[in-house]
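J.: Provided below are the primary sequence and the corresponding predicted coordinates.
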Amino acid sequence: MSIIALFNAAKEYFEARRTNQVFRHLDDHYLKDIGFYRDNGHIRPLAGNKSLDSNLEDKTQIPPGEQPSDG
């Protein structure tokens, strides 16, 4: 790992940590207004869950013209 990549990883970590600290002070109503919710002490976005998106990308998609018909 290069030194630049290490600095970038540290920067992302500290930015995420600071963001979570700021969001923890907000009321649930304010979090919902800006597109987040509180889940077991973690702040999560209302839409765009990365773990769900990655699971969908792993599955093979069948093109519309090749899907089996019901009839």
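T.: Arrived safely. Numbering: from 1, shown residues only.
J.: so who does I43 touch?
T.: 20, 23-24, 31, 36-37 (Cβ atoms under 8 Å, 6 or more residues apart in numbering). (C-beta placed from N, C-alpha, C; glycine too.)
J.: just the buried residues from those, in PyMOL please.
T.: The command below creates a PyMOL selection of those among the contacts of I43 that count as buried (16 or more other Cβ atoms under 10 Å):
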select buried, resi 31+36
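J.: which of the contacts of I43 fall in strands?
T.: Under the assignment DSSP state E, those contribute 36-37 to strands.
J.: can you redo the contacts of I43 as TSV with pLDDT?
T.: Formatted as TSV, these follow (pLDDT from 0 to 100):
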residue	pLDDT
N20	83
F23	87
R24	88
L31	89
F36	88
Y37	90
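J.: and I4, how many neighbours?
T.: Here the number of neighbours of I4 (other Cβ atoms under 10 Å) works out to 8.
J.: distance-wise, check it relative to R17.
T.: Relative to R17, I4 is positioned 20 Å away (Cβ to Cβ, to the nearest Å).
J.: try R24
T.: With distances defined as Cβ to Cβ, the gap from R24 to R17 amounts to 11 Å.
J.: now for the two: what residues contact both?
T.: By the contact definition Cβ under 8 Å, 6+ apart, R24 and R17 are jointly contacted by no residue.
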